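*Asks:* sequence? don't have it. structure:
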């Protein structure tokens, strides 16, 4: 019985070292859909974190983006903007409908991703709406972050 436990423990250790069970093995992706008229058509987002492979994360993010209900014209234009491993993403928006402020970012930490997403939102918001940008979502594909 103790040999079976030892073999199982060794197998679990090898899997952990190989990254199969490790949070660092997580993969994420971010997809975004926009049109030339963001004010009218909005922005669509699709995110995926903690997927086993990069391909799975990419597929999931694109699928979620294309199924985004709040901006169907933008959702039809979804494209992958980044895949990541052991990183974070953030999305910032001006919450008022019909405004162009939107920004997103992928970075090594949640704080940096949020800062960059806010900068990108403010760059597109217009001078009268800069102060209204806020983080809508920020997550990491590694539970340690």
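*Replies:* Structure's in. What do you need? Note that the coordinates shown come from a computational prediction; the quantities given were computed from them, not determined experimentally. Numbering: from 1, shown residues only.
*Asks:* Local confidence estimate at residue 5?
*Replies:* At residue 5, the model reports a pLDDT of 35.
*Asks:* likewise residue 58?
*Replies:* In the prediction, the pLDDT value recorded for residue 58 is 98.
*Asks:* Now residue 104. Its backbone dihedrals?
*Replies:* Main-chain dihedrals, residue 104, degrees, to the nearest 10: phi -150, psi 160.
*Asks:* so what's the closest residue in space to residue 104 that isn't next to it in sequence up against?
*Replies:* On the basis of C-beta to C-beta, 6 or more residues apart in numbering, the spatially nearest residue to residue 104 that is not a chain neighbour turns out to be residue 91, at 4.9 Å. Where C-beta positions appear, they are placed from N, C-alpha and C, glycine not excepted. When contacts are counted by C-beta atoms under 8 Å, 6 or more residues apart in numbering, residue 91 touches 45, 47, 102-104, 117, 135-138.
*Asks:* what's the answer for residue 54, then?
*Replies:* 27, 29, 83, 85.
*Asks:* Who are the contact partners of residue 56?
*Replies:* Residue 56 makes contact with 27, 48, according to C-beta under 8 Å, 6+ apart.
*Asks:* count of residues packed around residue 117?
*Replies:* Residues near residue 117, counting by other C-beta atoms under 10 Å, number 27.
*Asks:* Worst mean pLDDT across the helices and strands of the chain, which element?
*Replies:* In the chain, no helix or strand scores lower on mean pLDDT, DSSP states H and E than helix 2-18, which sits at a mean of 34.
*Asks:* which residues of this protein fall in helices?
*Replies:* 2-18, 38-41, 54-66, 72-75, 110-125 (DSSP state H).
*Asks:* rewinding a little: buried subset of the contacts of residue 91, written for PyMOL?
*Replies:* What follows is the PyMOL syntax for the buried subset of those, where burial is set by 16 or more other C-beta atoms under 10 Å:
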select buried, resi 45+47+102+103+104+117+135+136+138
